[in-house]
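[1] Turn this into a structure:
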Amino acid sequence: MSTENETPEIELTKYGRLPSLSGLNLDELEDFVKKLGLPKFRAKQIHGWIYSKWAKNFDEMTDLSADLRKKLSETAEVGLLNMAHLQVSSDETRKYLFQLPDGKMVESVLMAFQDRPSLTACVSSQVGCAVGCTFCATGYLGFKRNLTAQEIIDQIMSIQRESGKRVGNVVYMGQGEPLLNTDEVIDSVKRLINTVGIGARHITVSTSGIVPGIKQLAKANLPITLALSLHAPDVETREEIVPITKKYPIHEVMAAMHDYVDTTNRRVTIEYVLLKDVTDRPEQAIHLAELVKDLHCNINLIPFNPTLNPMGEALYDRPSRESQQRFKTLAARSGKTVTVRLERGTDIDAACGQLHNKYAAKR
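    The predicted model follows:
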């Protein structure tokens with residue numbers, strides 16, 4: 001076994017960078033220190049610095065010798081992502097644009113709510129998105145690639161390192177369709193629970209209705225919350241605004257959601273965006289109530305946060321407060337809890353893809 005003072009052999013990643021440790025679990029960190037000829041207990045020390053103390057670099061790991069810190073810095077980095085841009089809202093919402101190792105960009109958001117003691121992070125699971133929902137700015141980016149579990153986890157760790165605040169809740173509602181990247185998303189959820197230390201019941205994975213992914217997530221039987229971005233209860237409207245409906249029809253999606261509840265015994269969430277004169281009509285609220293009345297769920301209404309398409313046009317408008325309240329009242333006929341989402345960061349392009357689009361346009 002080599003000594004801790006020996007100069008290590010440097011192995012660069014395919015992007016010409018030193019490997020990053022943030023996002024790795026304890027077993028992977030043990031493999032890392034073993035390759036350096038270090039004793040196994042060093043992995044636990046590094047693990048604690050990354051996940052408990054949010055160390056930004058090896059110099060902060062003060063219970064390691066100076067020589068060992070130098071050796072580590074020559075062979076690895078702590079963080080995987082670079083922060084390309086940060087916007088801070090008047091309500092303290094923080095929106096991050098992170099650069100991935102291959103130079104591509106992805107967004108994350110940190111939100112605080114007055115009625116909740118813990119902070120919520122919204123993370124991305126893909127660069128861009130292939131689903132193409134017509135009201136979502138991410139869809140204008142197109143699909144680039146899936147994120148790895150490590151890239152998903154380091155969004156959380158990068159947020160904590162920058163803000164100095166602990167993330168208590170995580171929602172997979174950023175860029176991309178999580179259940180078109182199901183293997184890496186499930187892996188990242190397990191890492192959040194077992195490595196980062198975020199409780200499973202504080203994790204929500206959202207989907208536009210990818211039936212095979214819903215079934216795979218059900219088999220994983222993780223005690224998390226699954227959210228369905230339904231957005232319209234009728235086939236015609238949903239096919240128009242959520243094109244993936246043509247591949248996975250509403251009746252198949254709802255059957256998969258019922259199976260998910262039966263398998264996991266977990267309540268799901270129905271997400272529904274309110275677009276003026278498109279999805280906010282009274283008959284649609286009544287249809288929604290009928291559609292979900294036998295599903296163990298809550299309903300979360302989302303007033304549209306206006307976004308522009310690449311031509312600078314707003315395709316939809318935000319419904320009035322009166323329309324929102326009317327829809328809520330009618331949807332409550334389902335017997336479910338119906339809430340209207342409290343918006344955060346509307347002054348900083350907080351909707352998915354807005355910051356990425358704006359940043360890309362300036363480059």
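[2] Every contact and neighbour count from this point should use C-alpha atoms.
    OK.
[3] what stretches of the stretch 51-200 of the chain score poorly on pLDDT?
    Residue ranges of the stretch 51-200 of the chain with pLDDT under 70: 114-117.
[4] Which stretches in it count as strands?
    82-88, 94-99, 105-111, 119-122, 126-128, 143-146, 167-172 (DSSP state E, counting those that start in this stretch).
[5] Would you format these as CSV with distance to residue 320 included?
    Putting these into CSV (distance: least, C-alpha to C-alpha, whole Å) gives the following:
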stretch, distance to residue 320
strand 82-88, 27
strand 94-99, 26
strand 105-111, 24
strand 119-122, 26
strand 126-128, 30
strand 143-146, 33
strand 167-172, 27
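[6] got TSV for those, with mean neighbour count too?
    Listed next are the strands of the stretch 51-200 of the chain as TSV, based on neighbours: other C-alpha atoms under 10 Å:
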stretch	mean neighbour count
strand 82-88	16
strand 94-99	22
strand 105-111	26
strand 119-122	22
strand 126-128	26
strand 143-146	17
strand 167-172	20
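[7] looking at these, which is closest to residue 228?
    Shortest distance between residue 228 and these, using C-alpha to C-alpha, is found for strand 167-172: 11.5 Å.
[8] Report the strands that pair with the closest one, each with its relative direction.
    Strand 167-172 has its sheet partners listed here by DSSP bridges as strand 119-122 (parallel), strand 203-207 (parallel).
[9] could you pull out the helices for the stretch 101-250 of the chain?
    149-163, 182-191, 211-220, 235-241, 250-264 (DSSP state H, counting those that start in this stretch).
[10] For the second one, which helices and strands make contact with it?
    It refers to helix 182-191. Packed against helix 182-191, as judged by 3 or more C-alpha pairs under 8 Å, 6 or more residues apart in numbering; DSSP states H and E, are the following elements: helix 149-163, helix 211-220.
[11] And that helix, what's buried?
    182, 184, 185, 186, 188, 189, 190, 191 (16 or more other C-alpha atoms under 10 Å).
[12] quick one: that helix to chain centroid distance?
    11 Å (C-alpha atoms, centre = their mean, to the nearest Å).
[13] Just the CA coordinates for it, please, in PDB.
    What follows is helix 182-191 as a C-alpha-only set of coordinates in PDB (Å, rounded to 0.1, in the frame of the first residue of the first chain):
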ATOM      1  CA  THR A 182     -36.000   6.200 -14.800                       C
ATOM      2  CA  ASP A 183     -32.900   4.200 -13.900                       C
ATOM      3  CA  GLU A 184     -30.800   7.200 -13.100                       C
ATOM      4  CA  VAL A 185     -33.700   8.900 -11.300                       C
ATOM      5  CA  ILE A 186     -34.300   5.900  -9.100                       C
ATOM      6  CA  ASP A 187     -30.600   5.600  -8.400                       C
ATOM      7  CA  SER A 188     -30.500   9.300  -7.400                       C
ATOM      8  CA  VAL A 189     -33.500   9.000  -5.200                       C
ATOM      9  CA  LYS A 190     -31.800   6.200  -3.300                       C
ATOM     10  CA  ARG A 191     -28.700   8.300  -3.000                       C
END
